[in-house]
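*Asks:* Structure for the following, please:
(one chain, ligands or ions: 1)
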Amino acid sequence: MNRLGLPTNSLVNDLRAAIGAAFVLTQPEELRVYETDAGRMTKSLPGVVTLPKSTEQVVEIAKIVQRYQRSLTARGSGTGLMGGAIASQGGVVVSTARMNKILEIDVANRVAVIQPGVTNAWLCQQAYPYGLYFPPDPTSQLASSLGGHAAVNMSGPHSLKYGSTANHILGIEMVMADGQLLRAGGKVLESAGLDWVGLIVGSEGTLGIITRLVVRLLPVPPTTRTFAIVFDRLSDAAEAAILLLSRGLLPAALELIDSTVIAALMNAYPRLQTMLQGTRFDAEQALLLVDLDGVKDPSIGLETQEKVLQGICQELKALLCYRAKDAQERTFLWQAYHQAVGATGRLANAYFLQDGVIPLSKLPEVVGRLSAVGRSYGLKVGYLIHVGDGHLLPLLLYDKKDPEQINQVHQCGLEMMQICIAVGGSIGGTSGIGLEKREALSQFLQPVDLEAMKKIRAVFDPEAVCNPDKIFL
Ligand SMILES: Cc1cc2nc3c(=O)[nH]c(=O)nc-3n(C[C@H](O)[C@H](O)[C@H](O)COP(=O)(O)OP(=O)(O)OC[C@H]3O[C@@H](n4cnc5c(N)ncnc54)[C@H](O)[C@@H]3O)c2cc1C
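*Replies:* All right, here's what the predicted structure looks like:
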């Protein structure tokens, strides 16, 4: 069934009657805000944008959209990088921006019940007074929503020790294409029947619209030490990460930033320059940002962990191993890290953050090969690497005013994914498949896998109403 096509007046009127006229957007200047996501590689104006406040309103929207045979695309904060939240022409966007309530923080059971539009930073801020937090922490933490995290199974720097979003979702409520409500899991780990929660996490809005989540919170670690370590070569930083893990340490976070990105960051943050004692990042140097955490008494564990780390730094002749003096410096280092992508705005007017996974042992080789591919397209490439997990985020810098370059970025990104596959890695790191990586997915998976996935999707949504053109070509 063709679900493309511009919305009719009666569709808009029905939506207005269901959720209020002010929360149904149809004017081109309003719709433009929703035409792309943070990846900015594809643009497509939605037909209508709806801003529901409750599960009941999402149910109403789904029923109306079904009646008029249009498509539904869920949208959180639009910080996705792969075009997942972009609606096809004529499609109806369901923005969760107003579904932003923390419904409960259950301290005794260490869970929070939330609406999907709650942002990561807001949930952590509200849970901290109880000594709790939500550990997966994307670099987009200030803006991105928990619904978006669940939809793409987001992972961040601290996922190395504490797991990705999938490890922290206990319960999900989802509105399906026909308006039926599916409720799976709850406040406790549940394993009765098929694992719907596991299936829905990472399905990128193709099975339905998540309207409520029960998320697991963890106690804030009582002590943490943060280190900014500079190596002369990226390969030494990678080797340090390998040694750290092989010598039995599990840092809370282990992030590698290459010289292109760190130089841009130092420009933006002179304080970082002081901390890193004027180190020049003009060649192959790399920065390793390490969080070690432990129990309250530092003599138990943390001292030993630091000794191992310092030993490795000496062994590999780190140029500098700076330990943050206090909580304020720690926070500063991580805040600066979270601005790394934005800081490259000084180098180019647009970026595309590609996302793959590789075996850690292949890191230096793969970075060399990806940079060569970048050069062959005339593109500058920087790197952010969740190094402990082998999540590699090549940052392709380009000129958005040049349509030819946008094309080249697409091609270059695809070639990079092919290299990740060739070394035994994968294409799905942290940001989902969306529109941008559909071709790479079809090269990565066996046809039988793809078919099985499509069949499962059809069980939930036989007419592909929800996010119709995502994940699969
Ligand atoms: C600077 C920067 C840094 C980033 N760093 C990281 C990182 O470290 N790790 C990482 O994993 N990602 C990262 N991202 C990508 C992005 O922020 C995450 O994927 C985030 O989880 C997306 O959340 P969102 O609310 O913005 O979702 P959106 O972009 O709005 O949507 C993403 C996908 O989720 C679906 N979706 C959203 N809400 C729902 C819902 N309620 N029900 C069903 N489907 C839904 C959408 O349809 C879409 O397919 C980064 C992005 C930027 C711009």
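*Asks:* show me the contacts for the nearest residue to residue 28 once chain neighbours are set aside.
*Replies:* Spatial nearest neighbour of residue 28, chain neighbours left out: residue 45 (7.0 Å); criterion: C-beta to C-beta, 6 or more residues apart in numbering. In this view, the C-beta of every residue, glycine as well, is placed from N, C-alpha and C. Counting by C-beta atoms under 8 Å, 6 or more residues apart in numbering, residue 45 touches 28, 31-32, 34-35, 89.
*Asks:* what ranges do the strands span in the stretch 101-250 of the chain?
*Replies:* All strands of the stretch 101-250 of the chain, identified by DSSP state E, counting those that start in this stretch, fall at 102-106, 111-114, 132-133, 169-175, 181-185, 209-216, 218-219, 223-231.
*Asks:* Looking at the contacts of residue 45, which one is closest to the ligand?
*Replies:* Nearest to the ligand, judged by C-beta to the nearest ligand atom, of the contacts of residue 45 is residue 34 at 9.5 Å.
*Asks:* What's the local residue count around that closest one?
*Replies:* Counted with other C-beta atoms under 10 Å, the neighbours of residue 34 add up to 21.
*Asks:* I figured it hits residue 95, correct?
*Replies:* Yes: using C-beta atoms under 8 Å, residue 34 makes contact with residue 95 at a distance of 7.3 Å.
*Asks:* Could you report the neighbour count for residue 443?
*Replies:* 13.
*Asks:* Mind listing what's buried along stretch 162-180?
*Replies:* Buried residues in stretch 162-180, counting neighbours by 16 or more other C-beta atoms under 10 Å, are found at 162, 164-166, 168-179.
*Asks:* which phi and psi does residue 186 have?
*Replies:* Main-chain dihedrals, residue 186, degrees, to the nearest 10: phi -180, psi -140.
*Asks:* picking up where we left off before, of all the contacts of residue 45, the one with the weakest confidence?
*Replies:* Here the lowest pLDDT out of these sits on residue 89, with 69.
*Asks:* before we move on, back to that, the residue nearest to residue 28 belongs to a helix?
*Replies:* No: applying DSSP: H, G, I helix; E, B strand; the rest coil, one finds residue 45 to be coil, outside a helix.
*Asks:* Show the pLDDT at it.
*Replies:* For residue 45, the pLDDT comes out at 94.
*Asks:* Give the full set of residues in contact with residue 364.
*Replies:* Under the criterion of C-beta under 8 Å, 6+ apart, the neighbours of residue 364 are 234-235, 238.
*Asks:* again, but for residue 171
*Replies:* For residue 171, the contact set (C-beta under 8 Å, 6+ apart) comprises 113, 183-187, 190, 197, 212-214.
*Asks:* Assign residue 470 to helix, strand or coil.
*Replies:* The three-state label given to residue 470 by three-state DSSP is coil.
*Asks:* pLDDT at it, what is it?
*Replies:* pLDDT, read off for residue 470, is 95.
*Asks:* same thing with residue 283?
*Replies:* We have a pLDDT of 87 for residue 283.
*Asks:* Now do the closest residue to it other than its chain neighbours against residue 91, distance only.
*Replies:* Nearest residue to residue 283 in three dimensions, chain neighbours excluded: residue 259, at 6.4 Å (C-beta to C-beta, 6+ apart). Going from residue 259 to residue 91 by C-beta to C-beta, to the nearest Å gives 42 Å.
*Asks:* Residue 147 and residue 120: what is the separation?
*Replies:* Taking C-beta to C-beta as the measure, residue 147 and residue 120 are separated by 11 Å.
*Asks:* now residue 459
*Replies:* 31 Å.
*Asks:* Over to residue 48?
*Replies:* The value you get for residue 48 to residue 120, if C-beta to C-beta is used, is 28 Å.
*Asks:* same check, this time on residue 286
*Replies:* Taking C-beta to C-beta as the measure, residue 286 falls 27 Å from residue 120.
*Asks:* cool, and residue 24?
*Replies:* According to C-beta to C-beta, residue 24 and residue 120 sit 28 Å apart.
*Asks:* again, but for residue 295
*Replies:* Residue 295 sits 26 Å away from residue 120 when distances are taken as C-beta to C-beta.
*Asks:* Looking at these two, which is more packed in?
*Replies:* Taking other C-beta under 10 Å, residue 295 and residue 120 do not tie; residue 120 has more neighbours (25 against 12).
*Asks:* residue contacts, that one?
*Replies:* Contacts for residue 120 (C-beta under 8 Å, 6+ apart) come out as 134, 136-138, 140-142, 144-146, 149.
*Asks:* mind putting those residues in JSON lines, distance to the ligand and pLDDT included?
*Replies:* Listed next are the contacts of residue 120 as JSON lines, based on distance: C-beta to the nearest ligand atom, whole Å; pLDDT from 0 to 100:
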{"residue": "134", "distance to the ligand": "12", "pLDDT": "98"}
{"residue": "136", "distance to the ligand": "8", "pLDDT": "96"}
{"residue": "137", "distance to the ligand": "7", "pLDDT": "95"}
{"residue": "138", "distance to the ligand": "3", "pLDDT": "94"}
{"residue": "140", "distance to the ligand": "3", "pLDDT": "93"}
{"residue": "141", "distance to the ligand": "8", "pLDDT": "93"}
{"residue": "142", "distance to the ligand": "10", "pLDDT": "94"}
{"residue": "144", "distance to the ligand": "4", "pLDDT": "98"}
{"residue": "145", "distance to the ligand": "3", "pLDDT": "98"}
{"residue": "146", "distance to the ligand": "8", "pLDDT": "98"}
{"residue": "149", "distance to the ligand": "4", "pLDDT": "98"}
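*Asks:* Of those residues, keep whichever come out buried.
*Replies:* Counted by 16+ other C-beta under 10 Å, the contacts of residue 120 give 134, 136-138, 140-141, 144-146, 149 as buried.
*Asks:* Which members of these occur in helices, if any?
*Replies:* Counting by DSSP state H, the part of the buried ones among the contacts of residue 120 found in helices is 146, 149.
*Asks:* that older thread, just among the contacts of residue 171, which is most surrounded?
*Replies:* Within the contacts of residue 171, most neighbours by other C-beta under 10 Å means residue 213, with 30 neighbours.
*Asks:* My read is that it contacts residue 174, right?
*Replies:* No: Residue 213 sits out of contact with residue 174 when judged by C-beta under 8 Å, with a separation of 9.8 Å.
*Asks:* What pLDDT is listed against the residue in the stretch 351-473 of the chain positioned nearest to the ligand?
*Replies:* Nearest residue of the stretch 351-473 of the chain to the ligand (C-beta to the nearest ligand atom) works out as residue 430 at 3.0 Å. What the model reports as pLDDT for residue 430 is 77.
*Asks:* tally of neighbours for it?
*Replies:* When neighbours are defined as other C-beta under 10 Å, residue 430 has 25 of them.
*Asks:* ok but it is inside a strand, no?
*Replies:* No: in this structure, residue 430 is coil, not part of a strand, as judged by three-state DSSP.
*Asks:* how near is the nearest residue to it once chain neighbours are set aside to the ligand?
*Replies:* Nearest residue to residue 430 in three dimensions, chain neighbours excluded: residue 155, at 5.1 Å (C-beta to C-beta, 6+ apart). Separation of residue 155 from the ligand (C-beta to the nearest ligand atom, to the nearest Å): 5 Å.
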